[in-house]
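Undergrad: Sequence first, predicted model second:
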Amino acid sequence: MEFFKQNTSINFMALRKWAMSLSVLIALLCILTLSIKGLNWGLEFTGGTEVIAAFPQAENLETVRSTLEQAGYKDVKVQVYGTAKVVLIRLGGKQEGMENKDIGNEVVAHLNGATLQSTAYIGPQVGKELATSGALALVLAMLGTAIYIALRFEYRFAISAAVALIHDPLIILGIFSYFQMEFDLTSLAALLTVMGYSLNDTIVVFDRIRENFRKSRKGTPTEIVNLSVNQTLSRTIMTSGLTLLAVLSLFFFGGETLHGFATAMVVGIVVGTYSSIYVAGALAVALGLDRRDLLPSPRDTLDDTP
Amino acid sequence: MNRYPAWKYLLVIVVIVFGVIYSLPNLYKKDFAVQVSADSTHTLDDNTLNSVRTALANKQIQYSQVEKMASDSVSYHFSNADVQLRADDVIKDTLGEGYTVALNLAATTPKWLQAIGAGPLHLGLDLSGGVHFLMAVDVNSLITHRMQAAERNISDSLRKNGIRYVGLQDTQKGISIRAPDRATADKISDVLSQDYPEFTRTLTPDGQQWVIMASLSEQARADAQNFAVDKTLSVLRKRIDELGVNEPIVQRQGADRISVDLPGVQDTARAKQIIGGTATLEFHLQDVQHDAGQAKETGLIPPGTTLYPYTSAGMAQAIPVLLQDRVVLSGSSITNATATVGDDGRAAASITLGGGGEAAFYRITGENIGKPLAIIYVETALTPVTVNGETQYTQRKSERVISIATIQSALPSTFQITGLSSIKEANDLSLLLRAGSLPTPVAIIEESTIGPSLGAQNIDKGVFSIEVGFIVIVIFMMIYYRFFGLLADIALGMNLVLLVAILSFLGATLSLPGIAGILLTLGMAVDANVLIFERIREELRNGVSPQASIQAGYERAFSTIVDSNVTTLIAALVLLMIGSGPVKGFAVTLTIGIMTSMFTAITGTRAIVNLIYGHKVRLTKLSIGI
């Protein structure tokens, strides 16, 4: 079976101005929603107490909330966790004298018929540290991969890859922000993985661009990039499609705990595929990538001559 | 041209055999077990085992297997969780004190696999259920204590050396000593450098006088911190062992943190009490010369004494008592403690002394026969308080007079404390006394409990999504790449087996994000094969012969595969660095998965391709889907 019988020759680069505008627009929208709505940080980052309780039948969230506030808990937030029968109860800030108590069982005791599924308490300083080290990790991952690409390819590739690298997580964060999905520690893990994964695609395209530059003496950089994207298209769609299938399986069947992770991955793979075709390749051309930059150094060529 | 040297085939076979053997233990279902261990003062002899057997038989509870774990530990296996729970109650009732009875999921790895170090994956708390704590060790309070002690000692040594100083005080920065002149300041500095090398000294003139600032060196601070954390670790391990938790994980995390995972434990409150408890005992003489009631009314407490409320057995109301501040004996002199029933039929703790203090105790009690001796139960809890964005800990000390008894005779190194409220209190008190006290209070800064049903659900969901993902990929690859797709599928299966084998072999803990990591690896592992196969197809389309296409496909795709995997690897390694707990599990699986996938997808599939196509001279067509 083949997706494309003959070698495709879709003129991707002709559309690059549109693609660029689209990317910039989406990126701006993401920055906008992030600055207005912000992220719905998960418990790991904010600190606090979280109790997950299961009810025999669907439960009214408002009833749960008012019951608990009457029982003396402060700043109670209740939301559905997966199904309507399971609720996630977030107790903000510090609850009085809880350090030596079993808060999970106490909360559940106030709720008729509920059984305790899990509790979590994260101290405020842990959350702060995690946010700092998370941000550090993002920067480190970006620097590390950019340095690797600069070493293996060329600095213009590294810059384009780095831009693609900011582009992808930005869109994921924008979507998390717009829909106010909870951004927890596993979502952060997904974000970092997407950065690695998206580069994976980008590198395959770059590799082919380099090879084509060395192989053929004719063709403008735009034509070469276009050819390379077309040649790797079948692979890009195949791999992204398969990984997407694996992650979709996680999205649908993996359960609530991994939902943030799966969502970030699904978005990341789709956006990453797009960005490795457009952002990285088109940007490299725009930055003035030329054949000479990718040819082996003169000394190597001399050695080859008999 | 598509032939492998014999050693490469051999390598592939060896790796497959390793993978199969070391992933094998994960196929054996874990048994529901009850583990019984005896403490240091009891033994698990035939009599004890017989009584357990009869008790179980009487309740018609059948076990499938009895396994001797060690000389003082036995594990009974049952068919399901219900029987296990009933058996747990029966065994606890039969054995009573002196034995730890704990629920357990026992691996049923065959002996021959155990012999080569193979075992199943450990399950993380999100899969097995249990309690997780992260605690902060309060190093500052330890250093403050040290400084206070040093202040007294330094003033003693200076006096001993006949050095006259103007003033000496404990400040925020260190101990500040004021000398009348330069010569004295030098002398003081000499004494300090000889007797207190852990202090760094700075001399500054202040008019005629000189001020010597002795502060604890960075090294000494680091040492104090390491001491406090290490000692806390060892005390926690002992306490958790006493609790009888199966496969607990107690480890240092960062400079002053300790992470504790207790799989299977559900009683958070008790676990917290035992783990974070700084309970210890102090023995004080009662002041009978002053009237405690009067002191309470007037608020005039005689110097050297403290007023406590005391509720003795059978009394409804607390009465005030005055106790001398001097500690006759402290918990650190106690070497063993067991719960028992006292002569009055109430719960009691039997105490054994050692390691200093017992001679003084014998002497003092001997001198005070006929006078009342009080035992105070001291518990310190730390509460984090955020001040100006900085987290500080405030200590809350709760003291309770648990008994006042008249000294009948000089107390020897073994005696009983009677009058405890319940056998459970006696048990917990003995446990804390036995395991030793924490060097400095700890604060629980992170805590989570995962119910066993949620854990089981998580496993089911995780495994199911791996199955679905795996099957979909396998079918798709086969349709798209035909025979070569099948090869990639074999490699994918091999990758899964190898990944599980290495994780099991390393003793890694599988968490839910770890499962996500496995699934993601599957998706990425096929990428290498897709790259190779697409390359082969391309060569074929260009009219290159099948043999040469295979060769070119593998060769040209190789550097691309390496490049693209390295970047993912960099991201995974960064995660490994910052991550803790579950996220670390994800990073570990991803890292190992990327490496195993490179092997199976490149070397593994090539081995089969070479074996099948390598010898065919006139190969005209490849089953690769075009």
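TA: The structure has been received and is ready for your questions.
Undergrad: Nearest the middle, which residue of chain A would you pick?
TA: A:L191 (3.5 Å; Cα atoms, centre = their mean).
Undergrad: got a list of what it touches?
TA: By Cβ atoms under 8 Å, 6 or more residues apart in numbering or on different chains, the contact list for A:L191 reads A:L138, A:P169, A:I172, A:L173, A:A264, A:G268. The way it works is simple: take the backbone N, C-alpha and C, and place the C-beta from them, glycine included.
Undergrad: Ramachandran coordinates for the closest residue to B:T509 other than its chain neighbours?
TA: Excluding the flanking residues, the one nearest B:T509 by Cβ to Cβ, 6 or more residues apart in numbering or on different chains is B:H122, at 4.4 Å. Backbone torsions for B:H122, taken as degrees, to the nearest 10, come to phi -80, psi 140.
Undergrad: Kindly provide the distance from B:H122 to B:L329.
TA: From B:H122 over to B:L329 the distance is 43 Å, taken as Cβ to Cβ, to the nearest Å.
Undergrad: Comparing those two, which shows the higher neighbour count?
TA: Neighbours were tallied for B:H122 and for B:L329 using other Cβ atoms under 10 Å in any protein chain shown; the higher tally belongs to B:L329 (23 against 19).
Undergrad: Excluding sequence neighbours, find me the nearest residue to that one.
TA: Leaving aside its sequence neighbours, B:L329 sits nearest to B:F283 (Cβ to Cβ, 6+ apart; 4.2 Å).
Undergrad: what does B:H615 give?
TA: The nearest residue in space to B:H615 (Cβ to Cβ, 6+ apart) is B:R3, at 7.7 Å.
Undergrad: contacting residues around the one you found?
TA: Per Cβ under 8 Å, 6+ apart, neighbours of B:R3: B:N610, B:G614, B:H615.
Undergrad: just so I have it, where are all the strands in chain A?
TA: Assigned by DSSP state E, chain A shows strands spanning A:40-41, A:48-54, A:76-81, A:83-91, A:115-122, A:182-183.
Undergrad: Out of those, which gets nearest to chain B?
TA: strand A:115-122 (3.8 Å; Cβ to the nearest Cβ).
Undergrad: is chain B contacted by the closest one?
TA: Yes - against chain B, strand A:115-122 shows contacts by Cβ under 8 Å from any Cβ of the partner chain at A:T115, A:L116, A:Q117, A:S118, A:T119, A:A120, A:Y121, A:I122.
Undergrad: Next, count neighbours for residue 78.
TA: Using chain A. By other Cβ under 10 Å, the residues close to A:V78 number 21.
Undergrad: Can you look at chain B instead?
TA: There are 23 residues near B:F78, going by other Cβ under 10 Å.
Undergrad: about what we covered before: can you tell me which of the contacts of A:L191 end up in helices?
TA: A:L138, A:P169, A:I172, A:L173, A:A264, A:G268 (DSSP state H).
Undergrad: Would you mark the buried spots in the helix or strand B:A183 falls within?
TA: Using DSSP states H and E, B:A183 maps to helix B:182-195. By neighbour count with 16 or more other Cβ atoms under 10 Å in any protein chain shown, helix B:182-195 contains the buried residues B:T184, B:A185, B:K187, B:I188, B:S189, B:V191, B:L192.
Undergrad: just how off-centre is the helix or strand just after that helix within its chain?
TA: Next helix or strand after helix B:182-195 toward the C-terminus (DSSP H and E): strand B:199-206. Centre-to-centre, strand B:199-206 and its host chain are 43 Å apart (Cα atoms, centre = their mean, to the nearest Å).
Undergrad: Which residues does strand B:199-206 contact?
TA: Contacts of strand B:199-206 (Cβ under 8 Å, 6+ apart): B:150, B:174-175, B:178, B:182, B:185, B:189, B:192-193, B:210-217, B:220.
Undergrad: Give me the pLDDT value at the residue nearest to B:H615.
TA: With respect to pLDDT, B:R3 scores 84.
Undergrad: Could you look up the SS state of B:I459?
TA: helix (DSSP: H, G, I helix; E, B strand; the rest coil).
Undergrad: How about it, nearest residue that isn't a chain neighbour?
TA: Among residues not flanking B:I459 along the chain, B:L127 sits closest, at 5.0 Å (Cβ to Cβ, 6+ apart).
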